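1. Next comes the sequence, and after it the predicted model I'd like to discuss.
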Amino acid sequence: MKILVVEDEISLLDIMVCSLEKERYVVESAASYQEAMDKIGSYDYDCIILDIMLPGGNGLSLLQALKDRKRKDSVIIVSAKDSLEDKVQGLDLGADDYLTKPFHLAELNARIKCILRRKQQDGEMNIIVDNLIMYPDQHTVYIKGIELALNRKEFDLLYYFITNPNRLISKSALAESIWGDYIDQADSFDFIYSQVKNLRKKLKTAGAIPEIKAVYGFGYKMISEEI
């Protein structure tokens, strides 16, 4: 799950990024309006944490840009501006939530999890595909009632496949989703290949019905009896 934090107060930005990374999210950041616009122009995000007052522009203008592009990224506004008018304007423009500064990181994390559940799993705490059950909040997966041991990247890859059912997925799309801005650190596509290979082997050994198929010359596709 990939999150963009847009905040010009560098100390707060660093604290939020660090906190979210501990929650095992892929986190990218932007400290100005233009940097944020460049990010949303190049990548999709599961959730955007958005400040209103930014160098070079207004966060609400960025929110309007997302709306104009018919983007589905969830947005939580975090701002020191706590007037009812600002909150109503932000929510009317499509924000999913509005958090007034100062706030506790635990509350931010709780609101992010709530939004992601509502968006991706219709409010459910788990995802069930055939004999596989995934609990995103707990980062656990069960096959036929037995927990499947996955490393962080394997879990993130499986989550991406499950939430993009019946879709051909290129290695580039996988790298962007799982590594974000740090795609170069993924040791090219060889690392992606090895991670997917290990994940496929673990699913097969555990007797999982959902299967990740390699599509020659393109990438991968998850198939199952339910998809």
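-> Done, it's in.

2. Show me the helices in this structure, by range?
-> 10-22, 33-42, 59-68, 84-92, 105-120, 152-162, 171-179, 188-205 (DSSP state H).

3. Now distance to residue 49, mean neighbour count and mean pLDDT too, for those, in TSV please.
-> Glycine gets a C-beta too; all of them are placed from N, C-alpha and C. Formatted as TSV, these follow (distance: least, CB to CB, whole Å; neighbours: other CB atoms under 10 Å; pLDDT from 0 to 100):
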stretch	distance to residue 49	mean neighbour count	mean pLDDT
helix 10-22	7	15	93
helix 33-42	11	16	91
helix 59-68	10	18	90
helix 84-92	13	14	81
helix 105-120	7	16	81
helix 152-162	19	20	89
helix 171-179	18	19	78
helix 188-205	27	16	87
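
4. Let me have those helices in a markdown table, extended by distance to residue 212.
-> Formatted as a markdown table, these follow (distance: least, CB to CB, whole Å):
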| stretch | distance to residue 212 |
| --- | --- |
| helix 10-22 | 26 |
| helix 33-42 | 26 |
| helix 59-68 | 31 |
| helix 84-92 | 39 |
| helix 105-120 | 19 |
| helix 152-162 | 6 |
| helix 171-179 | 11 |
| helix 188-205 | 5 |
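
5. To residue 137, which of the ones you listed lies closest?
-> Residue 137 lies closest to helix 105-120 among these, at 5.9 Å (CB to CB).

6. Now do that closest one: everything it contacts.
-> For helix 105-120, contacts defined as CB atoms under 8 Å, 6 or more residues apart in numbering pick out 1, 3, 15-16, 19-20, 23, 25, 46-47, 49, 72, 74, 76, 78, 96-97, 99, 123-125, 136-137, 163.

7. change it to 6 Å
-> Under the criterion CB atoms under 6 Å, 6 or more residues apart in numbering, residues 19, 23, 47, 74, 96-97, 123, 137, 163 lie in contact with helix 105-120.

8. among these, who's most crowded?
-> residue 47 (24 neighbours; other CB atoms under 10 Å).

9. So for it, what's the pLDDT?
-> Here, the pLDDT recorded for residue 47 equals 91.

10. That one touches residue 3, doesn't it?
-> Yes - with contact defined as CB atoms under 6 Å, residue 47 reaches residue 3; the gap is 4.9 Å.

11. and residue 224, which of the helices of the chain is closest to it?
-> That would be helix 152-162 among these, by CB to CB, at 9.2 Å.

12. what's the angle from that closest one to helix 188-205?
-> Angle, helix 152-162 to helix 188-205, by axes from the mean of the first three to the mean of the last three CA atoms, to 10 degrees: 80 degrees.

13. May I have helix 152-162 exported as CSV, CA atoms only?
-> Coordinates of each C-alpha in helix 152-162 appear next as CSV, following Å, rounded to 0.1, in the frame of the first residue of the first chain:
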residue,chain,number,x,y,z
ARG,A,152,7.2,-7.9,3.7
LYS,A,153,7.7,-7.7,-0.1
GLU,A,154,6.0,-11.0,-0.7
PHE,A,155,3.0,-9.8,1.3
ASP,A,156,2.9,-6.5,-0.5
LEU,A,157,3.1,-8.3,-3.9
LEU,A,158,0.3,-10.6,-2.9
TYR,A,159,-1.9,-7.8,-1.7
TYR,A,160,-1.3,-5.9,-5.0
PHE,A,161,-2.3,-9.0,-7.0
ILE,A,162,-5.4,-9.7,-5.0
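
14. Any buried residues in stretch 136-152, and which?
-> Within stretch 136-152, the residues scored as buried using 16 or more other CB atoms under 10 Å are 136, 141-143, 148, 150.
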